[in-house]
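Student: Give the three-dimensional model of this entry:
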Amino acid sequence: GIAVFQEQVMQMARELAGFSLGEADILRRAMGKKKEKLMRKQREKFVAGCKEENDIDEDEANELFDIINEFAGYGFNKSHSAAYSLVAYQTAYLKAHYPSEFMAAAMTNEMGNTDKLSKVLEEARSMDLEVLPPSINDSKSYFTVQDGKIRFGLAAIKNAGEKAIDKIIEAREEDGPFETIFDVTKNVDLSTVNKRTLEALGEAGALDDLEGHRGQLIESVGMAVEEGQRYQTEQMRNQTNMFGEGQSGFEADPSLPSIDSWPKSKRLKHEHDVLGFYVSGHPLDEYRAEADAFATARFGEPDQLEQVIEQAAGGDGRNRGPVRTFCGIITEVNRNTTRSGKPIAFATIEDFTGQGEMVCFSSVLDRIQPYLKVDNVVLVKGNVEVRGGTVKVIAKDVIPMWKVREQMVQEVVLHVDLDQVMPKELQEFKSLCERTTGNCTLYFDVDAPELRGRERLRSRSYVIEPTAEFMKGARRLFGADNISLKGN
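Tutor: Numbers count the residues shown, from 1 in each chain. Just a heads-up that it's a prediction; the model follows:
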């Protein structure tokens, strides 16, 4: 049979090995804490008891103990389990039948914890739920559902301030949607909604609905606040806005500054600064195929990594696991020296699921130094540690993505649905292959009505090099989800 409750573990210990209630409870606690030294003693006692009480041989007794031990690693008492099962059923039902509403509620619940919120966001994306960016005209304080999509909550933006957000929503509901940055500053309570609030909203992309691009909007915040204060002062004095007619009149809105729009990398960086993660995109998006092919672990999965570490350590108490590979963007680098005077570097690195810490000792630092820079996307190979829910990698190697594409990728596989692909797109792809010839084998996983199923075909005409140009072109023509890589 299979043990379901902790009480059953205790009952097995009593009936099979003659444990008292107190002894059975000690066994249960020892299993939960995974103390190897204590567990060895409990195993010996259990095996001896099985022989004495029920004439069970040593091999069978050890097998029984292994079954109990595996269960007890994550087992609960009966009352706790019953309550958990009911909650699990209810939440599973809601997640299955109302996925957008369920995930929006989960995000609202985790608004105060950036790490947990980023995991919920990634889970929503894996469920093919679209998460819309924050919007000054459409968002509420918390996460909501809009036409089946999840709309980001304004209160999750750092430095925005919950009271300021409430004032913005209050003004929006009273005066209608905002059209310009000056609409905002004329109608909100500027004693609560200050320059810092508006800059945070702009960096998060919440002002993108307004006239102008993100760079213009953030650059004009100070001017807009001044205009709003002047307008509100004039309103309090009951003066009429004459659009520039007369000295006491209120002039038309100033023009937005003439500056370049922000590139995608800058937009994403500022989003990350005020949200703690990326919403409108991710720096790793263009390297998703490489991450899927070569990363063997993710920073947002500390519990799974802890299990791997325990299995690798054999229960001897060591907390450093086997070598794993992560794909992420470096967001911070700090260099220092050890007590012995050797150089050492600490870096924060982030993937789609969360962030972790990378430690680079002097033995590898000289070799990887050129790649250890903020905003670099890299593969990191190293031993894994998990402390306090944070994943740490003791780096053995750091590989930039150009090197991954150049030296590690051996095959490129494209999923092609012949009903969806136009001849013009195929011609574009042919030209792309001719410009990026190399040493990688090109395969097509073809879907077509005349085929019984998906069929893999090898290109006889082209071997390619997965350069930035090739990968960008393939993503545009076939979609990022239809590209996969294989290598060593």
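Student: tell me which residues in the strand ranked longest in the chain are buried?
Tutor: For the chain, the strand with the greatest residue count under DSSP state E is strand 323-337. Neighbour counts over strand 323-337 (16 or more other CB atoms under 10 Å) mark Arg324, Thr325, Phe326, Cys327, Gly328, Ile329, Ile330, Thr331, Val333 as buried. C-beta here means a position set from N, CA and C on the backbone, and glycine is covered the same way.
Student: For Ile168, state which of those residues is nearest.
Tutor: Thr331 (29.2 Å; CB to CB).
Student: Tell me if I'm right that Asn62 and Cys50 touch.
Tutor: No - under the criterion of CB atoms under 8 Å, Asn62 is not in contact with Cys50, lying 9.1 Å apart.
Student: Might you list the low-confidence residue ranges for the stretch 51-200 of the chain?
Tutor: Residues of the stretch 51-200 of the chain meeting the criterion pLDDT under 70: 72-73.
Student: picking that back up, output the helix or strand following the longest strand of the chain as PDB, restricted to C-alpha atoms.
Tutor: Next along the chain after strand 323-337, taking DSSP states H and E as the criterion, comes strand 343-350. Below are the C-alpha coordinates for strand 343-350, written out as PDB (Å, rounded to 0.1, in the frame of the first residue of the first chain):
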ATOM      1  CA  PRO A 343      40.200  38.400  -6.700                       C
ATOM      2  CA  ILE A 344      36.600  37.300  -6.500                       C
ATOM      3  CA  ALA A 345      33.400  38.500  -8.200                       C
ATOM      4  CA  PHE A 346      29.700  38.300  -7.200                       C
ATOM      5  CA  ALA A 347      27.000  38.800  -9.800                       C
ATOM      6  CA  THR A 348      23.200  38.900  -9.800                       C
ATOM      7  CA  ILE A 349      21.800  36.900 -12.800                       C
ATOM      8  CA  GLU A 350      18.200  36.600 -13.800                       C
END
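Student: Check which helices and strands the helix or strand just after strand 343-350 sits against.
Tutor: Next along the chain after strand 343-350, taking DSSP H and E as the criterion, comes strand 355-360. Packing contacts for strand 355-360, counted by 3 or more CB pairs under 8 Å, 6 or more residues apart in numbering; DSSP states H and E, involve strand 323-337, strand 343-350, strand 390-400.
Student: Please tell me how far the nearest residue to Gly205 once chain neighbours are set aside sits from Ala206.
Tutor: Excluding the flanking residues, the one nearest Gly205 by CB to CB, 6 or more residues apart in numbering is Pro133, at 4.6 Å. Counting by CB to CB, to the nearest Å, the gap from Pro133 to Ala206 is 7 Å.
Student: which one of these two has more residues nearby?
Tutor: Taking other CB atoms under 10 Å, Pro133 and Ala206 do not tie; Ala206 has more neighbours (26 against 18).
Student: Which parts of the stretch 101-250 of the chain are helices?
Tutor: 114-126, 162-175, 181-187, 195-204, 214-219, 221-236 (DSSP state H, counting those that start in this stretch).
Student: Can I get the ones you listed in TSV including distance to Lys392 and mean neighbour count?
Tutor: Shown next, in TSV, are the helices of the stretch 101-250 of the chain (distance: least, CB to CB, whole Å; neighbours: other CB atoms under 10 Å):
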stretch	distance to Lys392	mean neighbour count
helix 114-126	14	19
helix 162-175	33	17
helix 181-187	43	24
helix 195-204	29	23
helix 214-219	35	21
helix 221-236	39	16
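Student: would a markdown table of those helices with distance to Asp285 be doable?
Tutor: A markdown table is the format used below for the helices of the stretch 101-250 of the chain (distance: least, CB to CB, whole Å):
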| stretch | distance to Asp285 |
| --- | --- |
| helix 114-126 | 11 |
| helix 162-175 | 29 |
| helix 181-187 | 29 |
| helix 195-204 | 18 |
| helix 214-219 | 18 |
| helix 221-236 | 29 |
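Student: In contact with Thr348, which residues are there?
Tutor: For Thr348, the contact set (CB atoms under 8 Å, 6 or more residues apart in numbering) comprises Ile330, Thr331, Glu332, Val333, Gln355, Gly356, Glu357, Met358.
Student: From what I see, Glu110 and Leu117 are in contact.
Tutor: Yes - using CB under 8 Å, Glu110 is in contact with Leu117, at 4.3 Å.
Student: what's Lys381 in contact with, if anything?
Tutor: Each residue near Lys381 by CB under 8 Å, 6+ apart is listed here: Val323, Arg324, Thr325, Ala395, Lys396, Asp397, Val398, Ile399.
Student: just the strands in the stretch 351-488 of the chain please.
Tutor: Along the stretch 351-488 of the chain, the segments classed as strands by DSSP state E, counting those that start in this stretch run 355-360, 377-387, 390-400, 409-417, 437-447, 455-464, 483-487.
Student: rewinding a little: hmm, Ser280 and the residue nearest to Gly205 touching each other?
Tutor: Yes - applying CB under 8 Å, one finds Pro133 in contact with Ser280, separated by 5.1 Å.
Student: Any chance you could list residues touching both of those two?
Tutor: Taking CB under 8 Å, 6+ apart as the contact rule, Pro133 and Ser280 both touch Gly205.
Student: leaving aside the residues next to it on the chain, what's closest to Pro177?
Tutor: Asn137 (4.3 Å).
Student: Now that neighbour, what are its backbone angles?
Tutor: phi -100, psi -20 (degrees, to the nearest 10).
Student: And for it, the neighbour number?
Tutor: By other CB under 10 Å, 16 other residues sit near Asn137.
Student: same thing with Val409?
Tutor: Other residues near Val409 come to 24 when the count uses other CB under 10 Å.
Student: just Glu357 next, same as before
Tutor: Neighbour count of Glu357, defined by other CB under 10 Å: 17.
Student: Quick check: nearest residue in space to it, chain neighbours excluded?
Tutor: Lys392 (4.6 Å).
Student: what bridges to that neighbour?
Tutor: For Lys392, the beta-bridge partners are Glu357, Glu385 (DSSP bridges).
Student: got a list of what it touches?
Tutor: By CB under 8 Å, 6+ apart, the residues touching Lys392 are Gly356, Glu357, Met358, Val359, Val384, Glu385, Val386.
Student: And Glu58, by the same measure?
Tutor: Applying CB under 8 Å, 6+ apart, we find Glu58 in contact with Val47, Lys51.
Student: swap in Thr390?
Tutor: The contact partners of Thr390, by CB under 8 Å, 6+ apart, come to Pro302, Gly356, Glu357.
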